[in-house]
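1. build me a model:
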Amino acid sequence: MGFRDRVLGEARPERVRNVALPRRQSYFPSAADWRDEVLYFLLPDRFSDGREVPGNLLPRDRSNLNAARPNLPTGETWSWERWARSGAERWQGGTIRGITSKLDYLQGLGVTTLWVGPVFKQRGHLDTYHGYGVQDFLEVDPRFGSRQDLVDLVSAAHDRDLRIILDIIFNHSGSNWLYPPGTPAADPNHPENGVHKARYTTGQYDFGSWRGQQGEPIAAIQSGEDGAWPAELQDAGHYTRAGSGSLDNTAEDLFNPLAEHKRSDFEDLRDFDLGNPGVLTDLALCYKYWIALTDCDGFRLDTLKHVSPNQARDFCGTIKEFANNLGKANFLLIGEIAGGDFNESRYLNALQRNLNAALDIGEMRLTLNGAAKGLVNAHQYFKAFDASSDVEPNMGSHRNLGLRHVSILDDHDHVFGTKLRFSVDARPTHQVIAGVALQLFSLGIPCIYYGTEQAFSGPEPPERQWLPGWGGSDRYLREAMFGPEHPRAEGRTGLQPAPAGVDTGLPGFGPFGTAGRHCFDAGHPVYVRVAALANLRKQFGVLRYGRQYQRKLKLPGTSFELPGPGELIAWSRILDDEEALCIVNGNGEHARGGDVEVDVNLNGSTMTVVLNTAEAAVTSQGTGPYQGSHPVGATVVVQRRPDGGAHVEIRDVGPSELLVLANHPEPQS
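-> A predicted model of the protein is given here:
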């Protein structure tokens, strides 16, 4: 009997050190080069419950969605306050089987790898729907499904040549135990709580008691609903017990394992003492278990900044070695390193090959957003890829960077800037395509956040004034794409099946301020354009591996220069003798054009249009042939100038649309 059959045929292990992990077995191979992949990040609770039907698809016209805002069963009219409360305080009902049911939708979008938010068992009495408050590190939360469901998801994905990355947490656990009553640490708001009185410290508070099923203090752990699991984590010495403190850092204390941000609890989550012998090993064994059981293809590492580089290196190294022994030679490890691009660069340099890449969640994400909306000079974005530049952020060499960072336009946190999706106040609706095009066709591994392909943006502007915390709360980044009618009930009641486990007093936290309507629309104009971008990226290696150069632009009455915000954004990817010229209109309201420089030595007399997103949108609607400028297959003359330069004339690119021209237009076979 193989490892998977044996493990799934038993209850989840009580002790991880007792699990006989496999070795030298046949597993799904890693991606040869992760630049070939297009990632898609989703929160399981907010993505799909697998019960969507065509008749409940939300109308594409968002101008009047009142029909998708039903009254409550009690007869009360629609309440924005209750909709917002549902999004902040309740599980919505998404499942792992729901994700599996949408693999065709995702593959049609051009996604090749799914980054799945944490699925591990949470405390039953809490509503940590996001998954980052783990109670049992060897079990799937029953609200998401089962271990078998997770295995089936990975298997179904692999059957389609898709890969799965699991979101994991090894810096902290959920709120599985309590500090002693009356001590400062028992109250996160107590002025004497935490280690902030001393910058570096090894001080600890006493351990109080484990929590029972309802969160109550208990004398001893008696069931799988009590305390923390596996049993190795039921040791008070596994936790720093430093209370709440500042999670920020300075450059000088970033690598200090005793710094406050390395030891503090995340509010009521409990920080692991990774410096205590055995703790890191136990947590690594838990995640090796999931690799062996599911055959997943990588991990996204939560809160990596709060782990010292030595601890991170040890954890990543043992994970990579274990995966390699299973035939997964390039198991992907991506770090979430908050605090800005400087922190990301230092961790990447410190961990070297033990960490594949970091998420661009710092200044780079804001620069990308601003450039795509025509609010920031695109030169700021491209200079960040130049190691010799003194422009911040600075992400390093254009030859190496493509393997080292995961490009983020939207995510579930927005740790920098306002907590609003790109498409809030976007004009036109497909303006987000400018940002996605920069992601997919510039250096790096692109990651699309769920709902971006449907232009998620929250309720209409007149209603936003009623929403608590608009712009400052994570909830508005996390609408439930499947549009539940109602959320799960509060606490352990929500573990029960319907109808008892459903809170009919609240509307579901559906997209655009609705309930009961889903948004899996493969004909949406943003979905169609993203799919066209991803398909072209797959066909042309130059768009994945090529060097990158921003191109100068000549407008009427000017010389060739890098343009200001709101004009065409042009850059080339060059691979050997191939040049792909990418041109985005950074203006969301008006068509733009100009003369765009190209490489004089690589090009002959013409370049060929290989993608026009405006044409892709028209073609998908089936309303007739595309009538605009630069259709796919058209050639553009390469004009050579007396000064030795060369350029192409680009005209009438629609608002937030994209063109790609190639000097070798034949796609890969």
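
2. what's the following helix or strand after the lowest-mean-pLDDT helix or strand in the chain?
-> Ranking every helix and strand in the chain by mean pLDDT, DSSP states H and E puts helix 461-464 at the bottom, with a mean of 86. Per DSSP states H and E, helix 461-464 leads on to helix 525-539 as the next helix or strand towards the C-terminus.

3. which strands and helices sit next to whichever helix or strand comes after that next one?
-> Counting by DSSP H and E, the next helix or strand C-terminal to helix 525-539 is helix 542-545. Packing partners of helix 542-545 (3 or more C-beta pairs under 8 Å, 6 or more residues apart in numbering; DSSP states H and E): helix 525-539, strand 568-575, strand 578-585. C-beta: built from backbone N, CA, C; applies to glycine.

4. show me where the stretch 351-500 of the chain has helices.
-> Secondary structure of the stretch 351-500 of the chain (DSSP state H, counting those that start in this stretch): helices at 363-372, 378-383, 432-441, 461-464.

5. can you tell me which of the helices and strands packed on helix 542-545 is packed in deepest?
-> strand 578-585 (a mean of 25; mean count of other C-beta atoms under 10 Å).

6. the residue nearest to Pro565 when sequence neighbours are not counted and Leu568: what is the separation?
-> Distances taken as C-beta to C-beta, 6 or more residues apart in numbering place Gly374 nearest to Pro565, at 4.9 Å, with adjacent residues excluded. According to C-beta to C-beta, to the nearest Å, Gly374 stands 10 Å off from Leu568.

7. next one: stretch 470-489 to chain centre, how far?
-> Computed by C-alpha atoms, centre = their mean, to the nearest Å, the separation of stretch 470-489 from the middle of its chain amounts to 16 Å.

8. between the two ends of it, how far is it?
-> Using C-alpha to C-alpha, to the nearest Å, one end of stretch 470-489 lies 24 Å from the other.

9. buried set for it?
-> 470, 473-489 (16 or more other C-beta atoms under 10 Å).

10. tally of neighbours for the residue nearest to Pro565?
-> Neighbour count of Gly374, defined by other C-beta atoms under 10 Å: 24.

11. these two touch, right, it and Pro563?
-> No: counting by C-beta atoms under 8 Å, Gly374 stays clear of Pro563, with 10.4 Å between them.

12. before we move on, back to that, any chance of a markdown table for the helices and strands packed on helix 542-545, columns mean pLDDT and distance to Phe137?
-> A markdown table is the format used below for the helices and strands packed on helix 542-545 (pLDDT from 0 to 100; distance: least, C-beta to C-beta, whole Å):
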| stretch | mean pLDDT | distance to Phe137 |
| --- | --- | --- |
| helix 525-539 | 98 | 34 |
| strand 568-575 | 97 | 42 |
| strand 578-585 | 98 | 43 |
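
13. of all these, which lies closest to Arg300?
-> Smallest distance to Arg300 across these (C-beta to C-beta): 20.2 Å, for helix 525-539.

14. check what contacts that closest one and list those residues.
-> 36, 38, 108-112, 429-430, 432-433, 436-437, 440-441, 448, 452-455, 521-522, 543-544, 610-611, 613, 616-617, 620, 658, 660, 667-668 (C-beta atoms under 8 Å, 6 or more residues apart in numbering).

15. for stretch 99-106, same thing?
-> 40, 42, 44, 47-48, 50, 114, 116, 149, 152-153, 156-157, 160, 162, 520, 522.

16. now, of those residues, which are buried?
-> 40, 42, 44, 47-48, 50, 114, 116, 149, 152-153, 157, 162, 520.

17. so how far is stretch 232-243 off the chain centroid?
-> The answer for stretch 232-243 is 30 Å, by C-alpha atoms, centre = their mean.

18. that one: end-to-end distance?
-> 21 Å.

19. and it, what's its mean pLDDT?
-> Averaged across stretch 232-243, pLDDT comes to 96.

20. neighbouring contacts of it?
-> 15-17, 137, 173, 176-177, 179, 184-185, 188, 193-195, 201, 203-207, 210, 221, 227-228, 263-265, 270-273, 276, 278-279, 282.

21. could you identify the buried members of those?
-> By 16+ other C-beta under 10 Å, those give 16, 137, 173, 176-177, 179, 184-185, 188, 193-195, 201, 204-205, 210, 221, 227-228, 263-265, 270-273, 279, 282 as buried.

22. tell me how far the spatially closest residue to Thr128 that is not a sequence neighbour lies from Leu114.
-> Spatial nearest neighbour of Thr128, chain neighbours left out: Gln122 (4.7 Å); criterion: C-beta to C-beta, 6+ apart. Per C-beta to C-beta, Gln122 is found 20 Å from Leu114.

23. and if you look at Asn171?
-> 23 Å.

24. one more: Ile96?
-> 11 Å.

25. before we move on, what about Thr635?
-> 38 Å.

26. present the helices and strands packed on helix 542-545 as JSON lines; the columns should include distance to Phe342.
-> JSON lines is the format used below for these (distance: least, C-beta to C-beta, whole Å):
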{"stretch": "helix 525-539", "distance to Phe342": "29"}
{"stretch": "strand 568-575", "distance to Phe342": "24"}
{"stretch": "strand 578-585", "distance to Phe342": "28"}
